[in-house]
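what follows is a predicted protein model with its sequence.
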Amino acid sequence: CQEYFEMSKKVEFFFDVGSPASYLAWTQLESIAQRTNAKIIWRPMLLGAVFQATGNASPAAVPAKGAYMLKDLQHFSNIYGVPFNFNPFFPLNTMHLMRGATAYLEEPEFQTYLAAIFNALWSEQLNMESPEVVAEVLTKAGIDVTDFMARISETEVKERLKDTTEEAVARGVFGAPSFFVNGEMFFGQDRLSFVETALKEWS
């Protein structure tokens, strides 16, 4: 009974693959979930649409802030011990990539897809706005490109991504990554320790 109760703990992860901070959070979240016996609820959203709806903007829009953010992300990647190379094509239009994340959400390919996309963007520095590059990355990961193209064209997938994005805004999300634990929101990969504490305190 205790085990069941603990596994009912969950963390919702609102993210966009085009966000380097979402990438860093993704590299750590699985181990946090394991340590706290929590389940991750993956919530792909469109960060551009969130910015539009909330009047927010990327830190990169302010040069001094962008330069600081870059150093900050590098510090965290060193602490986490994960590869991080800022993508020269940033900011990217991630609509198709996020439709892909939405399409594979309940499928066995989801984790494979996410890992392939995140690594291509924030480790290999690839131009993931190029359909040819995306096709190459997916093929290498063992994901059928024809299947991917068919899935991201489905109205249901487009609507689901739109709905999740609107839900995020309605719940107070203004950027990525954002986490919800037991009704409380935490913003930014630099708040992961808060997320972990909240999961540990969940009773």
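Everything's here; your move. This structure is a prediction, so every number in the text was calculated from the model and none was measured.

buried set for the longest helix seen in the chain?
Secondary structure of the chain read by DSSP state H shows that its longest helix is helix 63-80. Within helix 63-80, the residues that qualify as buried are 69-70, 72-73, 76-77, 80, counting by 16 or more other Cβ atoms under 10 Å. Quick note: C-beta positions are derived from backbone N, CA and C, even for glycine.

all strands of the protein, in order?
For the chain, strands defined by DSSP state E occupy the ranges 10-15, 39-44, 178-181, 184-187.

low-confidence stretches in the chain?
When the per-residue scores of the chain are filtered using pLDDT under 70, the ranges that remain are 1-7.

how about the helices in it?
Counting by DSSP H, the segments of the chain that form helices are 2-7, 20-35, 47-54, 63-80, 95-103, 110-122, 131-140, 145-152, 155-170, 192-201.

starting at the chain centroid, how far to the longest one?
Once both centres are worked out by Cα atoms, centre = their mean, to the nearest Å, helix 63-80 turns out to sit 18 Å from its chain's centre.

one more: the fifth one?
The offset between the C-alpha centroid of helix 95-103 and the centroid of the whole chain comes to 11 Å, using Cα atoms, centre = their mean.

other SSEs contacting that helix?
For helix 95-103, the elements it packs on are strand 39-44, helix 110-122, helix 145-152, helix 155-170, judged by 3 or more Cβ pairs under 8 Å, 6 or more residues apart in numbering; DSSP states H and E.
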